[in-house]
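got a predicted structure here, sequence first:
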Amino acid sequence: MNETELLKLKNGTDVRGTVIAGVKGDEVTLTDEAVLSIARAFTVWAKEKTGVAVPSIAIGHDSRLSAKRIEACLVKGITACGGNAVLTGLSSTPSMFMLLQDGFGANASVMITASHLPYQKNGLKFFLKDGGLEGADITEILKLAANGVEDGKITGKCETRPYIKTYAENLVNMVRKACGKDKPLSGKRILVDAGNGAGGFYADLVLKPLGADTTGSQFLEPDGSFPNHIPNPENEDAMMSVCAAVKKHNADFGIIFDTDVDRAGAVSPDGEEINRNSLIALISAILLEEKKGAFIVTDSVTSDGLAEFIKEKGGVHHRFKRGYKNVINESKRLNAEGKYSPLAIETSGHAALKENYFLDDGAYLVTRLLIALAKCAEEGKNLLDVISSLKKPAEAKEVRLNFVTGADFKTLGAGVISDLKEKLPREKGLTLAPDNYEGVRINFDESAGDGWALVRMSLHEPIMPINAESNRAGGVKTILDKLYGFLKEYPFLDLTNLEK
């Protein structure tokens with residue numbers, strides 16, 4: 001594959017593409033040839049970055065159907081270029097970073113996953129000991145792959161050494177240490193929905209050793225065809241499924257993971273989802289109870305009610321850009337400036353804690369929640385009482401606008417956002433939000449819809465998402481009607497979804 005073809009596989013800080021043929025209109029892009037070239041390039045790149053002549057590179061995968069095929073290509077490429085491959089089998093993405101901190105003996109790692117994308121997709125995430133690779137690193141590796149690299153002077157070896165049990169034991173020990181008990185979850189029914197991804201281990205290897213009753217847990221068996229629902233806490237069907245399970249089995253808490261367990265959502269005992277703003281509020285309250293004045297970094301689409309809640313709890317809400325790497329890097333920047341920031345979190349469920357290497361880890365997030373749950377139960381309190389004051393909007397809506405085929409969407413989209421920043425604040429009842437780092441966020445007063453809207457560009461696709469919230473019924477329609485009046489002037493925007 002040439003450089004242009006390989007660079008198209010870059011997806012932010014990952015490599016992603018189609019690997020299984022047969023889906024109409026979705027041709028195979030991440031071929032065996034591409035994976036082999038990338039594996040060779042990453043091995044040479046890792047040698048240079050780590051200074052290790054014969055690096056050990058751990059390889060893990062989630063439940064996807066193409067995982068073993070890609071694993072074989074990675075092994076072939078790594079060993080041909082003089083690296084040793086260590087197969088960890090079914091793994092979570094966070095565990096593939098944690099093994100680099102835990103005396104496992106690897107110098108780098110690769111996770112085979114495409115997160116929540118459909119079964120025909122797959123991809124690669126890369127780690128060194130100091131964290132996941134940045135977008136610039138991925139570009140460098142893909143360009144190196146396009147140019148080709150020579151075989152190593154020696155051929156590396158391959159061994160199998162699972163790690164997920166050790167990773168789970170570390171979580172168990174963390175809870176026991178925090179709670180001062182061997183089985184602090186005794187008497188609690190906590191169920192897990194893994195969506196047939198890689199998160200099924202959490203029920204047997206974390207919850208049961210802590211004394212929890214996991215009756216009602218579902219879809220724990222790995223199955224890359226995802227026969228029950230998409231493993232994604234943001235997916236409506238997935239959340240409806242786990243919420244129904246919590247109610248059916250009278251559980252005290254529900255947990256849902258995405259495919260590779262770097263994201264999570266939760267469910268309250270009454271079957272209501274704890275997701276998006278509610279999830280951010282809950283973990284923020286826990287952290288702010290430990291240290292007031294902390295900066296909580298979130299993505300750009302969080303609600304005004306969340307900002308008020310964080311302030312009420314003694315924190316500072318720092319609303320930043322979409323993209324889990326963006327919020328993580330911003331939280332790191334604040335800490336470097338002396339502004340304590342313990343949490344970087346997206347509404348998607350990506351959450352990274354300073355205490356945990358700023359690793360976005362769904363299992364670590366829910367483990368932190370369970371520690372709080374156990375402590376509240378010991379004190380006769382209800383964990384969810386802590387977010388009872390969180391104001392929720394009456395309405396919330398996301399509309400995704402497409403660009404007409406062939407449009408230079410990046411340039412045109414930037415122009416639209418620039419125009420909106422200039423024109424919208426001239427309208428009665430509309431003002432620019434002061435704390436905005438992405439797109440254009442407009443506040444609408446009570447006469448104009450009583451809420452806010454954010455117009456931005458997608459990070460990777462030719463799409464302009466609009467997020468809107470209102471504090472009253474019918475307010476979102478008023479807000480979107482106002483935006484429609486401006487956006488209809490741009491012929492390169494497909495407003496079909498907004499018109500609906």
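Received the coordinates, thanks.

leaving out sequence neighbours, find the closest residue to residue 167.
In space, and not counting its chain neighbours, residue 167 is closest to residue 95: 4.1 Å by CB to CB, 6 or more residues apart in numbering. To be clear about C-beta, it is placed using only N, CA and C from the backbone, and glycine gets the same treatment.

what about that neighbour, neighbour count?
31 (other CB atoms under 10 Å).

quick one: name whatever helix or strand follows the one helix or strand it maps to.
Per DSSP states H and E, residue 95 falls inside helix 93-98. Per DSSP H and E, the first helix or strand lying C-terminal to helix 93-98 is strand 108-112.

report all helices and strands that the helix holding residue 95 contacts.
Counting contacts by 3 or more CB pairs under 8 Å, 6 or more residues apart in numbering; DSSP states H and E, helix 93-98 packs against strand 56-61, strand 108-112, strand 121-128, helix 164-179, strand 359-360, helix 362-378.

can you lay out these as TSV showing distance to residue 11?
TSV is the format used below for those (distance: least, CB to CB, whole Å):
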stretch	distance to residue 11
strand 56-61	17
strand 108-112	14
strand 121-128	7
helix 164-179	25
strand 359-360	15
helix 362-378	19
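
those into TSV, with extra columns for mean neighbour count?
Below are those laid out as TSV (neighbours: other CB atoms under 10 Å):
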stretch	mean neighbour count
strand 56-61	26
strand 108-112	27
strand 121-128	23
helix 164-179	17
strand 359-360	24
helix 362-378	22
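
and the ones you listed: which comes nearest residue 2?
If you check each of those against residue 2 by CB to CB, strand 121-128 wins as the nearest, at 18.9 Å.

list the pairing partners of that closest one within its sheet, with orientation.
strand 14-18 (antiparallel), strand 108-112 (antiparallel), strand 131-132 (antiparallel) (DSSP bridges).

among the helices and strands packed on helix 93-98, which is nearest residue 281?
Comparing the helices and strands packed on helix 93-98 by CB to CB, helix 362-378 comes nearest, at 11.7 Å.

what is the subsequent helix or strand relative to the closest one?
Counting by DSSP H and E, what follows helix 362-378 is strand 395-403.

between the following helix or strand past that following strand and strand 395-403, how many degrees?
Scanning forward in sequence from strand 395-403 by DSSP H and E, the next helix or strand is helix 409-423. Per axes from the mean of the first three to the mean of the last three CA atoms, to 10 degrees, the angle that helix 409-423 makes with strand 395-403 is 130 degrees.

which helices and strands sit right next to the helix or strand following helix 409-423?
Downstream of helix 409-423, the next assigned helix or strand under DSSP H and E is strand 430-432. Helices and strands touching strand 430-432, by 3+ CB pairs under 8 Å, 6+ apart, are strand 440-444.

neighbouring strands - and their directions - for the very next helix or strand once past the strand it packs on?
Remark: after strand 440-444, the chain's next helix or strand is strand 451-455, criterion DSSP H and E. Strand pairing for strand 451-455, using DSSP bridges, gives strand 440-444 (antiparallel), strand 463-470 (antiparallel).

ok, which of these comes nearest residue 59?
Residue 59 lies closest to strand 463-470 among the strands paired with strand 451-455, at 32.8 Å (CB to CB).

just to revisit the earlier point, reformat the strands paired with strand 121-128 as CSV; add mean pLDDT and distance to residue 302.
Shown next, in CSV, are the strands paired with strand 121-128 (pLDDT from 0 to 100; distance: least, CB to CB, whole Å):
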stretch, mean pLDDT, distance to residue 302
strand 14-18, 96, 24
strand 108-112, 98, 28
strand 131-132, 94, 23
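
and residue 482, which of these is closest to it?
With CB to CB, the closest approach to residue 482 among the strands paired with strand 121-128 belongs to strand 14-18: 36.3 Å.

what residues of the helix or strand following the closest one count as buried?
Next helix or strand after strand 14-18 toward the C-terminus (DSSP H and E): helix 32-50. Across helix 32-50, burial judged by 16 or more other CB atoms under 10 Å covers 34-47, 49.

same thing with stretch 455-464?
For stretch 455-464, burial by neighbour count (16+ other CB under 10 Å) applies to 455, 456, 457, 462, 463, 464.
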